[in-house]
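Undergrad: Let's see this in three dimensions:
(3 chains)
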Amino acid sequence: MIPTRTLKELAEYLGGRVIGDENVSVNGLAPLESAGSDKITFLANPKYAAKVAETGAAAVLMAPGAESHGRNVIEVANPYLGFAKLLTLFYTTPHPPLGVLPEANVGTEVTLGEDITLYPGACIGNNVTIGDRSVIHSGAVIYEGSVIGDDCLIHANAVVRERCRVGNRCIIQPGAVIGSDGFGYAPDGRAYYRIPQIGIVVLEDDVEIGANCTIDRAALEVTLIKRGTKLDNLVQIAHNCHIGEDCMIVSQVGISGSVKIGNHVTLAGQVGVAGHLTIGDNVIVGAQGGVPSSLPADAVYSGSPTMPHKEWLRAMAVVPRLPELKKNISSLEKRIAELEAAIIRK
Amino acid sequence: MIPTRTLKELAEYLGGRVIGDENVSVNGLAPLESAGSDKITFLANPKYAAKVAETGAAAVLMAPGAESHGRNVIEVANPYLGFAKLLTLFYTTPHPPLGVLPEANVGTEVTLGEDITLYPGACIGNNVTIGDRSVIHSGAVIYEGSVIGDDCLIHANAVVRERCRVGNRCIIQPGAVIGSDGFGYAPDGRAYYRIPQIGIVVLEDDVEIGANCTIDRAALEVTLIKRGTKLDNLVQIAHNCHIGEDCMIVSQVGISGSVKIGNHVTLAGQVGVAGHLTIGDNVIVGAQGGVPSSLPADAVYSGSPTMPHKEWLRAMAVVPRLPELKKNISSLEKRIAELEAAIIRK
Amino acid sequence: MIPTRTLKELAEYLGGRVIGDENVSVNGLAPLESAGSDKITFLANPKYAAKVAETGAAAVLMAPGAESHGRNVIEVANPYLGFAKLLTLFYTTPHPPLGVLPEANVGTEVTLGEDITLYPGACIGNNVTIGDRSVIHSGAVIYEGSVIGDDCLIHANAVVRERCRVGNRCIIQPGAVIGSDGFGYAPDGRAYYRIPQIGIVVLEDDVEIGANCTIDRAALEVTLIKRGTKLDNLVQIAHNCHIGEDCMIVSQVGISGSVKIGNHVTLAGQVGVAGHLTIGDNVIVGAQGGVPSSLPADAVYSGSPTMPHKEWLRAMAVVPRLPELKKNISSLEKRIAELEAAIIRK
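TA: You can find the predicted model right below:
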């Protein structure tokens, strides 16, 4: 059952202001083309501004200065953010607290917060703490001594190994593994001797981890993912890494051991980062980039090995023409030899 | 216990015809070199045709026109397909229906088909439908409201999240995740605001999903994988993708959001596809290819960024010789400068 | 509670010798800079030799010939290995045998060794054998007929499918899948017919498998990983591969079907290997390498497609300068044309 809201209520929720009739009611959000008269729509991309004139929506969420074509408008600084917030308002509901459902396994000395949900088949080890309102889905396993914060959502078959710490409002998608052993071995002749991985993983508040990601525990201290950073699916974070705040790590990225990444960094899909490097704040690395050495802040890189993005674009434009260039060089060589012969003959 | 079959029975099963004694019986399949007189063998690759003369097998599966060397033969148009079908006939058995085993967790309002099997530790949420003869292994978790078709095989610790739909005869290998949240955030200053992912995933009939794959639910509508498409292990399909029929998506491929892929497309291992692209029917992308823009149908591409495969082969042949080319250019430069000087002197 | 040990005891444990006071006791290990007087420290990298003079540690683990600065010393041939062994001694404890905990699911005809632990939610199929002292964590699923050796550690939500064999002292991190179906299909018109994968996976002794790895069962025979080989997280091993002894396969590597890899091979992160190749002993392939053809032993390769590592370094140094080279060639072309014209004019 989707609630009905007046434009006045929505403007307050979004921190915007109504232009037009603030008592109009809507019960949901829809695109400019398909919205009916009981819906609000949004103009996030100025390229679609002309569609505002024709939309059937009851109101339009738009940025200050956009042309309203006489529509009821909620003006907000960032309409795309407003769209996301209205999606949340209209189409999501908080998980109702169901308590410890039968067939959930709870160890000894466990501290359970208020209004939690443990689904059947969730396994909570000894000495674990689960914060208020957190939800642990079926088959998720929290090993001994770990701490899960408030308002967390741990999806099915995710694993948090021993002594790790998950902050508040973290979301862990199904199958993700937090705290697996780091990949550390000491050569012993031709064989390898396992180096115990006695550190932990710490996820700060508002961190989100994609499905089937793997985040290794530190050898001695802490693998750290700071506040607000989001990982897409199948990302690998090796032991001892420190990832800054508000980073976006896209699917299938692999980060080797002991890498330090600044704040607000974006690593696009399938990027690889070699061990022990530092990546500065606000860096963007393009898809499939391979980072072999530390990257200064505030720049965009691409390629494997990485180089400045624009340089890479220019270099890649030449690659398909390499056979032609090679032929040109041979041809020039021949012409020069002829010229040399001609000069000598004279 | 492997059943014994006459050549007549096998020819009927395969839609082929017997040349020789149709009453000969065999109890299995073996390679040309090692088959004994109670086995049938097969000639799928013409390069091994001479081995037919020496095989100890009771009969040979071969294409029309191949030399039989006087052997009993079952002629079929596609002997490799015939080999696969005989493997199925001789060496696989349908899963016996075991019902709901103790320790399987079944929610409320669940619809269970006939002759199903739910293993211990399988978790079936409320309002789920499981089709006839489907098998759900231990630790697999089906969230609320999802539908699993007939004759499906959902392996251990696979996860199907809420409201997703799995067709008939689908196979989901262990640990695969269907319906995790798409990776969508709206920038809110330097932080990111989560965009609710309220869509679903639909797998049509005969889709097979490899171990530890991740297929994200759509933001608003449907992430769709059409009939007959097969995914190898550790493949990532982002939100809103539509993958056509009869595609082969090899291990560790990553497909970004909102990509549309045609029918009968092959993406080789570790390929990456950027967001919002279209890939035409029958396209093949070679291993580790990086697709930065849409690809027309009926062609083969390689490289990162991708180019036509043959062009890529020629370009890659030059790469190891780049230092030599660079030196050649310097040398030509010097020789030209000398020529220029000589001309001027004259 | 960390035990206290004398230098004499530690030297015996490590096979080294004490120089100085062998009755000094320590209760742990710490870095040169931060070790207190109750700790032993270590000098593994000669670059830090000067720090030995200033360390507060009670003793230093070092190689023969290093300068002791008058400290108590334990001399060992390989101090880094010694460090790893002391970490194990001081900071790890064997898992106490807990038996079959309530809520573990055990099938029929199961053989359980002595001093095992089966955690709640572990699922053991019929006819499975679990060796002495092995530990199976919550949510791990061992299918029918598999064999797990002695002293194994199978972490949460790992899966071992039917009839596979795991050697002694193997460690399988959370979410890894052993024995999923190989990716084999026979074309049947435009559709694909599934080839039954009736083989198995064998992991020999001391093999370690990272989190969320996937190792496919063979089509007919055995996918084999030999003694001592270690896999990092999210590695894909396709059907029929044979991986040698003491290999290091780093995160997100993908190995295609029927590849044969020698002993002591290192594949760095995100490497891909095409099908049916052979890789010789002691080969190293650099990160993101793409191996398109077999690689001879005892060499280092990089690039996609791979080439000898040093050749690759030289070639990659030229790539960012390709636009400049292209321009140079055009300029040379122009100068040559002018020279040719000048010669003709004369």
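Undergrad: average model confidence for the helix or strand where A:Leu224 lies?
TA: Taking DSSP states H and E as the definition, one finds A:Leu224 inside strand A:222-225. Strand A:222-225 shows a mean pLDDT of 98.
Undergrad: could you check whether it is close to chain C?
TA: No - using C-beta under 8 Å from any C-beta of the partner chain, we find that strand A:222-225 stays clear of chain C, coming within 12.5 Å at best. Placement of C-beta: from N, CA and C, glycine included.
Undergrad: Sheet-wise, list the partners of that strand with their directions.
TA: Pairing partners of strand A:222-225, with direction, according to DSSP bridges: strand A:200-203 (parallel), strand A:242-243 (parallel).
Undergrad: So which of those strands is the most surrounded?
TA: strand A:200-203 (a mean of 25; mean count of other C-beta atoms under 10 Å in any protein chain shown).
Undergrad: hmm, back to that, out of the strands paired with strand A:222-225, flag the one nearest B:His69.
TA: Distance to B:His69, taken as C-beta to C-beta, is lowest for strand A:200-203 among those, at 64.4 Å.
Undergrad: So what touches the closest one?
TA: A:161, A:163-167, A:170, A:178-179, A:209, A:215-218, A:222-225 (C-beta atoms under 8 Å, 6 or more residues apart in numbering or on different chains).
Undergrad: Could the C-alpha coordinates of that strand be exported in CSV?
TA: Only the C-alpha atoms of strand A:200-203 are listed here, as CSV (Å, rounded to 0.1, in the frame of the first residue of the first chain):
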residue,chain,number,x,y,z
ILE,A,200,40.6,-8.2,11.6
VAL,A,201,38.4,-6.2,9.2
VAL,A,202,36.6,-3.0,10.3
LEU,A,203,33.8,-1.6,8.2
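Undergrad: and the helix or strand hosting A:Leu10, is it in reach of chain B?
TA: Using DSSP H and E, A:Leu10 sits within helix A:7-14. No - for helix A:7-14, no contact with chain B is found by C-beta under 8 Å from any C-beta; the gap never falls below 11.6 Å.
Undergrad: Look up how far chain C lies from the most centrally placed residue in chain A.
TA: Centroid check for chain A by C-alpha atoms, centre = their mean gives A:Lys230 as the closest residue, at 3.2 Å. Using C-beta to the nearest C-beta, to the nearest Å, we find A:Lys230 at a distance of 18 Å from chain C.
Undergrad: Quick check: beta-bridge partners of the nearest residue to that residue once chain neighbours are set aside?
TA: Residue nearest to A:Lys230 in three dimensions, not counting chain neighbours: A:Glu208, with 4.6 Å by C-beta to C-beta, 6 or more residues apart in numbering or on different chains. Judged by DSSP bridges, the bridge partners of A:Glu208 are A:Ile171, A:Lys230.
Undergrad: my read: A:Glu208 touches A:Asn233, true?
TA: No - between A:Glu208 and A:Asn233 there is no contact under C-beta atoms under 8 Å: 11.1 Å.
Undergrad: So between those two, which is more surrounded?
TA: A side-by-side neighbour count of A:Glu208 and A:Asn233, using other C-beta atoms under 10 Å in any protein chain shown, places A:Asn233 first with 33 against 24.
Undergrad: List the residues that contact the more buried one.
TA: A:173, A:210-213, A:251-252, B:177, B:180, B:183, B:214, B:216, B:236.
Undergrad: how far off helix B:322-345 does the longest helix along chain A point, in degrees?
TA: Longest helix in chain A, counting residues (DSSP state H): helix A:322-345. For helix A:322-345 against helix B:322-345, the angle by axes from the mean of the first three to the mean of the last three C-alpha atoms, to 10 degrees is 30 degrees.
Undergrad: Highest neighbour count among the contacts of A:Asn233?
TA: A:Ala211 (35 neighbours).
Undergrad: Spell out the secondary structure type for it.
TA: Assigned state for A:Ala211: coil (three-state reduction, DSSP: H, G, I helix; E, B strand; the rest coil).
Undergrad: hang on, it packs against A:Pro174?
TA: Yes - counting by C-beta under 8 Å, A:Ala211 does reach A:Pro174; the two are 5.2 Å apart.
Undergrad: where do the contact lists of those two overlap?
TA: A:155, B:177, B:180.
Undergrad: What is the nearest of these to C:Pro320?
TA: B:Ser180 (38.0 Å).
Undergrad: In contact with the nearest residue to that closest one once chain neighbours are set aside, which residues?
TA: Counting by C-beta to C-beta, 6+ apart, A:Ala211 is the residue found nearest to B:Ser180 once chain neighbours are left out, at 3.8 Å. Shown in contact with A:Ala211 (C-beta under 8 Å, 6+ apart): A:155, A:173-176, A:233-234, B:177, B:180, B:214, B:216.
Undergrad: Output those residues in TSV, with distance to A:Gly275, pLDDT and secondary structure appended to each entry.
TA: Below are the contacts of A:Ala211 laid out as TSV (distance: C-beta to C-beta, whole Å; pLDDT from 0 to 100; DSSP: H, G, I helix; E, B strand; the rest coil):
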residue	distance to A:Gly275	pLDDT	secondary structure
A:His155	30	98	coil
A:Gln173	26	98	coil
A:Pro174	29	98	coil
A:Gly175	25	98	coil
A:Ala176	22	99	coil
A:Asn233	23	98	coil
A:Leu234	20	98	coil
B:Val177	28	98	strand
B:Ser180	29	98	strand
B:Thr214	25	98	strand
B:Asp216	29	98	strand
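Undergrad: which one among those gets closest to C:Glu311?
TA: C:Glu311 lies nearest to A:Leu234 out of the contacts of A:Ala211, by C-beta to C-beta, at 31.9 Å.
Undergrad: Would you check that that closest one makes contact with B:Ile237?
TA: No - counting by C-beta under 8 Å, A:Leu234 does not reach B:Ile237; the two are 10.8 Å apart.
Undergrad: Overlap of the contact sets of those two?
TA: B:Thr214.
Undergrad: just to revisit the earlier point, now for the residue nearest to A:Lys230: which residues touch it?
TA: A:Glu208 is in contact with A:170-173, A:229-231, B:194, counting by C-beta under 8 Å, 6+ apart.
Undergrad: can you tell me how far it sits from A:Cys152?
TA: 10 Å (C-beta to C-beta, to the nearest Å).
Undergrad: Overlap of the contact sets of the two?
TA: A:170-172.
Undergrad: TSV for these, including distance to C:Lys260?
TA: Listed next are the shared contacts of A:Glu208 and A:Cys152 as TSV, based on distance: C-beta to C-beta, whole Å:
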residue	distance to C:Lys260
A:Cys170	43
A:Ile171	42
A:Ile172	38
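Undergrad: Out of the residues you listed, grab the one that's most surrounded.
TA: A:Ile172 (29 neighbours).
Undergrad: Does that residue touch A:Ile154 like I think?
TA: Yes - if you go by C-beta under 8 Å, A:Ile172 and A:Ile154 touch, sitting 4.9 Å apart.
Undergrad: what about the worst-scoring helix or strand of chain A on mean pLDDT, distance to the chain center?
TA: Ranked by mean pLDDT, DSSP states H and E, the helix or strand of chain A with the weakest confidence is helix A:322-345, at a mean of 92. Mean-position distance between helix A:322-345 and its chain equals 53 Å (C-alpha atoms, centre = their mean, to the nearest Å).
Undergrad: Show me which positions of that helix end up buried.
TA: Neighbour-count burial for helix A:322-345 flags A:322, A:325-326, A:328-329, A:332-333, A:335-336, A:339-340, A:343 (criterion: 16 or more other C-beta atoms under 10 Å in any protein chain shown).
Undergrad: Ramachandran coordinates for the spatially closest residue to A:Val291 that is not a sequence neighbour?
TA: Distances taken as C-beta to C-beta, 6+ apart place A:Val273 nearest to A:Val291, at 4.4 Å, with adjacent residues excluded. Here the main-chain torsion angles of A:Val273 (degrees, to the nearest 10) amount to phi -120, psi 130.
Undergrad: Look up the residues forming beta bridges with A:Val273.
TA: A:Ile255, A:Val291.
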